[in-house]
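Chemist: 3D model of this:
(one chain, ligands or ions: 1)
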Amino acid sequence: MAKQRPWKVARHEALEEKVEVGAQVNIADIQFGPEVIVDGVKRQSMRAIVVAAPVFAAYGLDCWITSWVRPDDDDSLHKYGMAVDLDTSNKSASLKLLLAIEAEIQHLLGPNYYVLYHKSHFHIECDPGNQGVRPYLEA
Ligand SMILES: [Zn+2]
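Modeler: Numbers count the residues shown, from 1 in each chain. Prediction:
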């Protein structure tokens, strides 16, 4: 059985939007916001982007990293490089589409990740066992 290619994303059945699906993404097309800190990024949140960006592309949306490491956060996996915020510059995308993208990224990343569309961006964190920042405080 052939390996599934991550950029060959099937169209979410609930969608009615007329968007091109199956688009390929070039990792170089991922944009960085001006304030994004990458020092301390963990491979788990890098994986989140590698998985999520093709989903954005599949629905015709560009992908922006708007926040990654936030050293000054207290109760957030951003502090430990395990969470990343993504957004698209396409503000005409419907909430329905954005929630479908949220569900699709969650499905692809699996249960060790938590994907949430809120406050007009996608927050994606790697949080095995749903322990939040606790393992990092005990380390
Ligand atoms: Zn976030």
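Chemist: what about M82, neighbour count?
Modeler: 26 (other CB atoms under 10 Å). All C-beta spots, glycine's among them, are computed from the backbone N, C-alpha and C.
Chemist: check what pLDDT it gets.
Modeler: pLDDT for M82: 97.
Chemist: just list whatever residues bridge to the residue in the chain positioned nearest to the ion.
Modeler: With CB to the ion as the measure, H123 is the residue of the chain nearest to the ion, at 3.4 Å. Beta-bridge partners recorded for H123 (DSSP bridges): D85, L116.
Chemist: that one touches A83, doesn't it?
Modeler: Yes: H123 is in contact with A83 according to CB atoms under 8 Å; the separation is 6.5 Å.
Chemist: that older thread, distance of the residue of the chain closest to the ion from R70?
Modeler: 12 Å (CB to CB, to the nearest Å).
Chemist: please apply the same query to Q106.
Modeler: 22 Å.
Chemist: for C126, same thing?
Modeler: In this view, C126 and R70 are 15 Å apart by CB to CB.
Chemist: cool, and C63?
Modeler: Taking CB to CB, one finds C63 at 19 Å from R70.
Chemist: quick one: the helices in this structure?
Modeler: 43-58, 95-109, 134-138 (DSSP state H).
Chemist: how about the residues of the protein by the ion?
Modeler: 85, 123 (CB under 5 Å from the ion).
Chemist: any idea how far stretch 123-139 is from the middle of the chain?
Modeler: On the basis of CA atoms, centre = their mean, to the nearest Å, stretch 123-139 sits 17 Å off its chain's mean C-alpha point.
Chemist: thinking again about what came up before, of H123 and A83, who's got more company?
Modeler: For H123 versus A83, the count of surrounding residues by other CB under 10 Å is larger for A83: 26 against 20.
Chemist: next up, the contacts around the more buried one.
Modeler: Counting by CB atoms under 8 Å, 6 or more residues apart in numbering, A83 makes contact with 45, 68, 76-77, 123-126.
Chemist: that'll do, ta.
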